Each structure stands twice: as C-alpha cells, then as structure tokens.
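Colleague: Need the 3D shape of this:
(one chain, ligands or ions: 1)
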Amino acid sequence: MKILLMTAHPDDADIMAGGTMARWLAERHDVSSAIFTRGEKGHDDPSMTSVRVAALREAEQRAAATALGGPRLMYLDFIDGELDWAGAALAEAATRLIRQERPDVIVTHDPFAGAPAYRVPQLHPDHRAVGAAVVDASYFRAPGPLYYPAQGAAGLAPHRVREILLIMSDHVDHVVDISSVFDQKVRAVREHASQFGRHPDLEGFLRGLAARAGRPFGVPLAESFKRLTLS
Ligand SMILES: [Zn+2]
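Modeller: Numbering: from 1, shown residues only. Predicted structure coming up:
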C-alpha cells in the first residue's frame, strides 16, 4: 500500500500519526510524508531567524523520521503561517503531488473540524488550509483530467485516492493501536526539541493523548482518525 501524509508543519504528522506511520513502515508499506512549510516561524526566541529555525527543524524532522522507521520526507516550501492565503497555488501543488506520488491512502488535517469542540490544534489556519486543499485535490482535482492540463502535458496522469484519514478531527471513527510502537513515537516527538524540549513530561502527555484516543474503542494506546472512503 502506498501512503502519503500531507501536513502543514514539521511535527504535525509525528504527533498525530507517528505511531501509525511506524506500524505501516514495520509492515513494509511505502510511506512518504510531505510537509507544506518548514515550520520556520515556530520558535519563541525573538533572536532566532526563520532561516535558522527552518534548518533546525529540518534536522529535527530527519531524526524523528529515522525514529519511526524512515518515511520519505518532502517539503513543499510554502510560507509558515500563510497557507490560507496561498489559495490557487496550494490547490495546484496538492494536486500535483497526489498525481506524482499516486497514493492509495492520504493522511491530512481535518478541514471540517472546529465546532463543536473548537480544539486548540484547529485554531492554526495552516492546518485548516492544508486539510481543505488536500481533501479537495483528492476528491475532484487529482482525478479530473481537465484540471491542470499542464500537469497532464508534463506526464502526470489523473489519480484517484482510495481513502483519506483525517487527523485532529472532531468526528473520529477509526483508531490504530499504537501500543507496540508507542516508545518509537515518543522518541520521534522528542526529536522535535525546538518545540517540546522544555515540556515537563512529554511521554506522559503523549501517553494521555493516546489513552484518550483509544478509550472509546477499547484500545489501550491509539491514534485516532476520521476516515473518508472515496472509491
Ligand atoms: Zn502544525
């Protein structure tokens, strides 16, 4: 199975689906993680520059990926914090990547989340923007030959995605048991030291997240998704 994760920032996929990635990789599936920005604004120290943050986070992301079993990493180099202004370019890039990579399954942000829970991760507009662009591209742009004929002329055939798993969703209906790979997930998230280096109990936080995700499904430690079946 070919799986493509499409998320806004370094660490999004590792926190929400790192265990699932580790399981897929252990099962020898083809797993790629495309990150739309370098997360270059994600630092609290005003003496840092975006260029330095981008380099730091790229190294962290590489180490995290190694901890999970080595998904292929790709960057689309949109501007951190400005994805919801990227409109047409974002739609085109999402469609192009899907046609290039031709995944069976896509993992992305839930663009529909928000009400009624208004969970904090959904407050970041980059998450909503990537989710919307990727879901739209999967549903009708990538499979439609009349969308972006220049991509077709460049040899990128239309592609139909079978299934989308939405992270950060308020409408969860699918969980993956990550009990056997939980330690790998903790190691991966810990590699994002610029984001979590000062967390007093990162393992406890991730354990609580996984336990809460699994409880309604009778799974000890889980990652949860909203599953959309497209074909
Ligand atoms: Zn994010």
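Colleague: neighbours of the closest residue to Met74 other than its chain neighbours, just the number please.
Modeller: Closest residue to Met74 apart from its sequence neighbours, by Cβ to Cβ, 6 or more residues apart in numbering: Ala34 at 4.3 Å. C-beta: built from backbone N, CA, C; applies to glycine. Ala34 has 26 neighbours, counted by other Cβ atoms under 10 Å.
Colleague: any idea how far the lengthiest helix in the chain is from the chain center?
Modeller: In terms of residue count, the longest helix belonging to the chain (DSSP state H) is helix 50-68. Chain-centre distance of helix 50-68: 15 Å, with Cα atoms, centre = their mean, to the nearest Å.
Colleague: in it, what's buried?
Modeller: 53-54, 56-58, 60-61, 64-65, 67-68 (16 or more other Cβ atoms under 10 Å).
Colleague: I'd like the next helix or strand past that helix.
Modeller: Using DSSP states H and E, the helix or strand that directly follows helix 50-68 along the chain is strand 72-78.
Colleague: how far is that next one from where the chain is centred?
Modeller: 11 Å.
Colleague: Outside of that strand itself, list whatever touches it.
Modeller: For strand 72-78, the external contacting residues (Cβ atoms under 8 Å, 6 or more residues apart in numbering) are 31-38, 58, 61-62, 65, 86, 89-90, 93, 97.
Colleague: now stretch 56-66
Modeller: Identification of contacts with stretch 56-66 by Cβ under 8 Å, 6+ apart yields 10-11, 14, 18, 33, 35, 38-40, 42-43, 71, 73, 75, 188-189, 191-195.
Colleague: do you know how far Leu83 is from the ion?
Modeller: 10 Å (Cβ to the ion, to the nearest Å).
Colleague: Can you give me the pLDDT of that residue?
Modeller: Per-residue pLDDT puts Leu83 at 96.
Colleague: And Asp170, by the same measure?
Modeller: 86.
Colleague: That one reaches Asp110, doesn't it?
Modeller: Yes. When contacts are counted by Cβ atoms under 8 Å, Asp170 is listed as touching Asp110 (7.2 Å).
Colleague: how far away is the residue of the chain found nearest the ion from Asp80?
Modeller: Closest to the ion within the chain is His9: 3.6 Å, counting by Cβ to the ion. Applying Cβ to Cβ, to the nearest Å, the value for His9 to Asp80 is 7 Å.
Colleague: same check, this time on Glu60
Modeller: Counting by Cβ to Cβ - Glu60 and Asp80 are separated by 15 Å.
Colleague: what does Pro10 give?
Modeller: Counting by Cβ to Cβ, the gap from Pro10 to Asp80 is 10 Å.
Colleague: can you list the residues of the chain near the ion?
Modeller: 8-9, 12 (Cβ under 5 Å from the ion).
Colleague: Could I have the buried ones of those as ChimeraX selection syntax?
Modeller: Command for ChimeraX that selects the buried part of the residues of the chain next to the ion, burial taken from 16+ other Cβ under 10 Å:
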select :8,9,12
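Colleague: can you give me the strands for the chain?
Modeller: For the chain, applying DSSP state E gives strands covering 2-7, 30-37, 72-78, 105-109, 163-167, 174-177, 222-229.
Colleague: could these be laid out in CSV, adding mean pLDDT and distance to Ser138?
Modeller: Below are these laid out as CSV (pLDDT from 0 to 100; distance: least, Cβ to Cβ, whole Å):
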stretch, mean pLDDT, distance to Ser138
strand 2-7, 98, 9
strand 30-37, 98, 13
strand 72-78, 98, 16
strand 105-109, 98, 6
strand 163-167, 97, 6
strand 174-177, 98, 16
strand 222-229, 97, 8
